[in-house]
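> Below is the sequence, then the predicted model.
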Amino acid sequence: MTALRIAEIFGPTIQGEGALIGAPTVFVRAGGCDYRCSWCDSLHAVDSEYRHDWAKMTTDDIWAKVWDLSGGTPLTVSLSGGNPAIQNFGPLMSMGHAQGYKFALETQGSVAQDWFENLDLLVLSPKPPSSGETVDWDKFDDCLAQAKTARTVLKIVIFDEVDYNWARDVAGRYAALPLYLQPGNHTPPPPDAQDAVIDIDGIIDRMQWLVDKTLGDRWFTPHILPQLHTLIWGNKRGV
Ligand SMILES: C[S@@+](CC[C@H](N)C(=O)[O-])C[C@H]1O[C@@H](n2cnc3c(N)ncnc32)[C@H](O)[C@@H]1O
Ligand SMILES: Nc1nc2[nH]cc(C(=O)O)c2c(=O)[nH]1
Ligand code: SF4
Ligand SMILES: [Mg+2]
């Protein structure tokens with residue numbers, strides 16, 4: 001069995017973002033990413049500098065840990081990272097589905113996999129200008145195509161007006177997808193990120209600005225949500 005690079009597995013906690021906000025969840029955070037967003041809040045799962053902290057785990061190992069953390073009671077498993085789509089989580093999903101577990105995937109939409117169609121939720125989070133990354137829309141559309149009938153949502157992080165205008169444009173092109181807007185947080189890079197010091201005032205300010213702006217523009221289709229876990233626990237890991 002091939003091994004997967006895993007930065008951390010934790011929970012149960014509550015899903016802090018987007019469509020499943022508040023739902024009990026175990027997180028499987030994959031190590032490695034094909035992007036390097038300027039404001040990534042999970043650099044310990046991205047930067048190869050932290051590679052030595054990632055575990056090589058087989059699907060059986062990962063499933064055993066998820067089972068242990070959840071006490072064998074089915075819940076949603078959120079696959080995040082890094083970009084979990086650069087590895088093969090298909091076999092893990094088959095194992096979990098057989099036991100009644102559900103699976104959500106968080107990805108930027110840069111790599112498509114045929115196992116996306118088995119997801120219970122695909123969260124596509126295309127990166128706005130402030131990230132410093134550029135979306136390859138052909139690859140993004142491949143991800144949507146691979147999802148087939150799987151429930152799919154868009155989640156866009158917004159730091160400023162340029163990001164907001166970009167999000168409006170993207171939303172217009174993917175009007176059939178439910179949209180979640182999320183104000184960005186300024187996370188200090190690791191190892192300081194672990195200290196859970198976070199600019200809560202800044203997050204609240206951006207949240208208020210985003211709500212005012214969206215509603216002021218009479219743009220009534222998105223859901224606007226802060227990262228709940230960040231408000232509760234800052235950038236502490238494992239929550
Ligand atoms: C760390 S990423 C990992 C999954 C995948 N690489 C992605 O970006 O979608 C998980 C989620 O956190 C969001 N995110 C990352 N850094 C953030 C920040 N500083 N503020 C708000 N959301 C952030 C991403 O947009 C994504 O929706
Ligand atoms: N509670 C909690 N909710 C989350 N939603 C998305 C997360 C992520 O980093 O992918 C995350 C996370 O790390 N913790
Ligand atoms: S794509 Fe996701 S994990 Fe990768 S650098 Fe950007 S926010 Fe971080
Ligand atoms: Mg996060």
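Good, I have the coordinates. Residues are numbered from 1 along each chain as shown. Ligands and ions are numbered 1, 2, ... in the order given.

> tell me which residues in the lengthiest helix in the chain are buried?
Longest helix of the chain, by residue count under DSSP state H: helix 200-216. When burial is assessed from 16 or more other CB atoms under 10 Å, helix 200-216 yields the following buried residues: 203, 206, 207, 210, 214. The way it works is simple: take the backbone N, C-alpha and C, and place the C-beta from them, glycine included.

> residues in contact with the helix or strand that it is followed by?
The element immediately downstream of helix 200-216 (helix or strand, assigned by DSSP states H and E) is strand 223-224. For strand 223-224, contacts defined as CB atoms under 8 Å, 6 or more residues apart in numbering pick out 18, 19, 178, 179, 180, 181, 182, 207, 210, 211, 214.

> show me which of those neighbour ligand 2.
Filtering these for proximity to ligand 2 (criterion: CB under 6 Å from any ligand atom) leaves nothing.

> farthest pair in these?
Maximum pairwise distance in the contacts of strand 223-224, criterion CB to CB, is 19.2 Å, between 178 and 207.

> about what we covered before: and the contacts of strand 223-224, which is closest to residue 190?
The shortest gap between residue 190 and any of these belongs to residue 182, at 21.1 Å (CB to CB).

> can you confirm the closest one is in a helix?
No. Assigned with DSSP: H, G, I helix; E, B strand; the rest coil, residue 182 falls outside any helix and is strand.

> list the contacts for the closest residue to residue 38 other than its chain neighbours?
The shortest distance from residue 38 to any non-neighbouring residue, by CB to CB, 6 or more residues apart in numbering, is to residue 132 (4.4 Å). Contact criterion CB under 8 Å, 6+ apart gives 36, 37, 38 as the residues in contact with residue 132.

> Now do the same for the residue lying closest to residue 114 once chain neighbours are set aside: its pLDDT.
Of all residues beyond its chain neighbours, the one nearest residue 114 is residue 146 (5.9 Å), with distances taken as CB to CB, 6+ apart. Confidence at residue 146, expressed as pLDDT, is 98.
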